[in-house]
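J.: Next come a sequence and a model predicted from it.
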Amino acid sequence: MQGKKLNILVVDDERVHRYTLCSLFADWGWECSEADDGVAAVAAVQSQPFDAILMDVRMARMDGMEALRRIRAINPAIPVIIMTAFSSVDSAVAAIKQGAQDYLTKPLDFERLRTTMEVAMGHRRPEEKKAPQGLAISADMKMIGQSQPMLELWQMIAQVAPTTATVLITGESGTGKELVASALHHKSERADGPFIKINCAALTETLLESELFGHERGAFTGADRRREGRFVQAHGGTLFLDEIGETSAAMQVKLLRALQEHEVQRVGGQETIRVDARILAATNRNLEEAVQSGMFREDLFYRLKVVELEVPPLRERQGDIPLLTNYFVDKFARQNKREVKGFTPDCMDLFNRYPWPGNVRELEHAIERGVILMRGDYLDISVLPMALQRWAGLYEEVPVEEPATLKEAEKALILKTLEETGGNRSEAARRLEITRKTLLNKLKSYDIA
């Protein structure tokens, strides 16, 4: 990345003026791209990164004010300097309030232009106003976004939450399915009751049965006292069954009975216990395919899928990335007592273009790492995880020797897949076509926690 020329986007509907400025920038050792109006400027920002934008206010198809608003929604880290005639200084001041870095009056003073551009690109000040964090179901939900997919999801949550319907929450790993479950509970009439969660993929079948239904004293080795299960603990509230697609056939039968009859039996006991808990379930698997292949019971599938809510992957809600990045950088800066003024334009551009296989969780972990490792005022690509650095072309992968044994090859493949998914183990298991439990066991055998 060293030696990279600064790239400036000049936005002006006067071709001669654009030519003059680009020639001037070339003399200063900068690269220059051109756009003849706001529409072209927005398209340019969507297609490549820029270190700064110099933009006129009055243009034909889209003026500078509207273009500024849209550019900041795409990449708020790019400093934008507004050009205006003396008669339009009020517009320039309004642009500053909307997030422009500075403004210059025409005809431009080239010495002041260079100083202004260098200050903007080298010493960008922190935003005076944080970008709005979008809508949220409640203050503690941390559901951030304003994209159409998220607005539609929130509308469904608001409609379904007050009902008693069982809800199946689907979506890729890292999209925030647990947050949706939490929102459904807290917006329901059971909000004052318990919200009990259990990850069905994290326990063996025997332990899962005990966790869900409880056990009597002496039911198995180590059961030195009676224990109530999660169904009973959730009485009067909500029970969230995460990773429901990873349950065994035998467990699916017991879950179906509990859902149909609203009653459970402790392991090792004969007493039938009535329970009143709303059931929410989540999975990153395609349960319809699992039903067709015989891996998941059809009757349980339809019992769970009274209402289905699908959480969109991050790549389908990229307009929310600036909001999410602002939220996470503020969160981790406070936790780690760091001063973070923002992101470099290249870093924000990478965030906007990267496909995020690990979704919001991967973005969160990338920013947490970046905040901890950054040395300057601005978070840049060099402190992000290697998977993002490779994707950006910053880091070249060093060739390694071919694994000598099948076990070594398996380990190398698993570790590479984990790196590609940003450490998301559920997504890595899906790509490797093994269960999450199998993946965890293999990692344990490699002495990887």
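T.: Sure thing, it's come through. Every value quoted in this text rests on a predicted model; they were computed, and no experiment measured them. Residues are numbered from 1 along each chain as shown.

J.: What does the pLDDT read for the residue positioned nearest the centre of the chain?
T.: Central residue of the chain (CA atoms, centre = their mean): residue 360, 1.6 Å from the mean position. Predicted confidence (pLDDT) for residue 360: 94.

J.: element containing it, please.
T.: For residue 360, the element it lies in under DSSP states H and E is helix 359-373.

J.: right, and the helix or strand after that helix?
T.: strand 378-379.

J.: list the helices and strands the helix holding residue 360 packs on?
T.: Helix 359-373 sits against helix 321-335, strand 378-379, with contacts defined as 3 or more CB pairs under 8 Å, 6 or more residues apart in numbering; DSSP states H and E. In this view, the C-beta of every residue, glycine as well, is placed from N, C-alpha and C.

J.: Now for the residue nearest to the centre of the chain: which residues touch it?
T.: In this structure, residue 360 makes contact with 174, 175, 176, 314, 324, judged by CB atoms under 8 Å, 6 or more residues apart in numbering.

J.: With residue 240 instead?
T.: Residue 240 makes contact with 178, 181, 182, 185, 195, 196, 197, 198, 280, 281, 282, according to CB under 8 Å, 6+ apart.

J.: go on, residue 184?
T.: For residue 184, the contacting residues are 157, 160, 161, 167, 238, 280, by CB under 8 Å, 6+ apart.

J.: mind running it again at 10 Å?
T.: 137, 156-158, 160-163, 165, 167, 169, 190-191, 195, 238, 240, 278, 280, 307, 309 (CB atoms under 10 Å, 6 or more residues apart in numbering).

J.: I'd like to know which of those residues are part of strands.
T.: Counting by DSSP state E, the contacts of residue 184 place 167, 169, 195, 238, 240, 278, 280, 307, 309 in strands.

J.: In the beta-sheet assignment, what are the partners of the fourth one?
T.: Same thing as residue 238. Going by DSSP bridges, residue 238 is paired in beta bridges with residue 195, residue 278.

J.: swap in the last one?
T.: Taking DSSP bridges, one finds residue 169 as the beta-bridge partners of residue 309.

J.: my guess is it meets residue 169, correct?
T.: Yes. Between residue 309 and residue 169 there is a contact at 5.1 Å, judged by CB atoms under 10 Å.

J.: Now for these two: what residues contact both?
T.: By the contact definition CB under 10 Å, 6+ apart, residue 309 and residue 169 are jointly contacted by 157, 177, 180, 181, 184, 280, 282.

J.: for these, which one is nearest residue 291?
T.: residue 282 (16.7 Å; CB to CB).

J.: element containing that closest one, please.
T.: Residue 282 belongs to strand 278-283, assigned by DSSP H and E.

J.: Dump that strand to PDB, keeping only the CA atoms.
T.: What follows is strand 278-283, C-alpha atoms only, in PDB (Å, rounded to 0.1, in the frame of the first residue of the first chain):
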ATOM      1  CA  ARG A 278     -44.000 -19.700  23.800                       C
ATOM      2  CA  ILE A 279     -41.600 -21.500  21.400                       C
ATOM      3  CA  LEU A 280     -39.200 -19.700  19.100                       C
ATOM      4  CA  ALA A 281     -36.700 -21.700  17.100                       C
ATOM      5  CA  ALA A 282     -33.800 -20.700  14.800                       C
ATOM      6  CA  THR A 283     -31.600 -22.400  12.200                       C
END
